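[1] model the structure of this input:
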Amino acid sequence: MEIIDPAAQAYAQRYSTPTGPLLQEIAAYTEAHHPEAHMLSGPLQGKFLEIISQLLRPRRILEIGTFMGYSALCLAAGLTEDGRLHTIELREADADLAAENFRRANWQDRIILHRGNALAIIPALEETWDLVFIDADKPGYADYYKLVLPRVRAGGLIIADNVLFHGQVLGPNVEGKSAKAIQAFNELVAADERVEKVMLTVRDGLMFIRKK
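    Below is the predicted model of the structure:
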């Protein structure tokens, strides 16, 4: 199910600043070669993430779910001079492609790629996060949120992707493992008084969560 009218998506993209040549190459390669190309953030959401990061000027960013490295490159655009972005990818093949994309963008020294299970990696990262982007396996969302929130600074931001999950959470009966997990995550965040939150109907749904 398409949440956003494709014509509206195309119109919005036409009136937005285009992404750079490397991001365009990554998007084209993913579309042509990856069986799960729909997982890529894409130009409109990517530019949105880039501008949010540029406004926040984060020193430490955590991304859970690297995929091709597209969203990491967008988020890295706002890093402070001494800033670092840590990103975690479970799948080796995707991590290899992302690492090459970071190298091509000359970000390999400031984007730190971790390979493996995020639930094991996150506790070992002794950082205070300014910005966190969650875009990984949907059944893990609640656990990722619980792990990272204590390490997010006051006023820091967590962004969770796919919170509308292709429209599968919109009906009275939510079915499927991933859709149920997203519904549970949305309810968890909604009930959490430690944060302010707003759900945006951008692409497949973005939840902005600001720690008080």
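
[2] flag every buried residue along the worst-scoring helix or strand of the chain on mean pLDDT.
    The helix or strand of the chain with the poorest confidence is helix 6-14; it has a mean of 91 (mean pLDDT, DSSP states H and E). Across helix 6-14, burial judged by 16 or more other Cβ atoms under 10 Å covers residue 9. (Glycine included, C-beta is placed from N, CA and C.)

[3] check contacts around residue 13.
    For residue 13, the contact set (Cβ atoms under 8 Å, 6 or more residues apart in numbering) comprises 43-44.

[4] tell me which stretches of this structure form strands.
    For the chain, applying DSSP state E gives strands covering 60-64, 84-89, 111-115, 129-134, 152-161, 195-200, 206-211.

[5] can you put those strands in CSV and add mean pLDDT and mean neighbour count?
    Converted to CSV, the strands of the chain look like this (pLDDT from 0 to 100; neighbours: other Cβ atoms under 10 Å):
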stretch, mean pLDDT, mean neighbour count
strand 60-64, 98, 27
strand 84-89, 98, 23
strand 111-115, 98, 19
strand 129-134, 98, 25
strand 152-161, 98, 20
strand 195-200, 97, 14
strand 206-211, 98, 20
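
[6] okay if I get those as TSV plus distance to residue 174?
    As requested, the strands of the chain are exported to TSV (distance: least, Cβ to Cβ, whole Å):
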stretch	distance to residue 174
strand 60-64	23
strand 84-89	27
strand 111-115	31
strand 129-134	19
strand 152-161	17
strand 195-200	15
strand 206-211	16
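
[7] ok, residue 31 touching residue 42?
    No - using Cβ atoms under 8 Å, residue 31 makes no contact with residue 42, being 9.7 Å away.

[8] tally of neighbours for residue 142?
    17 (other Cβ atoms under 10 Å).
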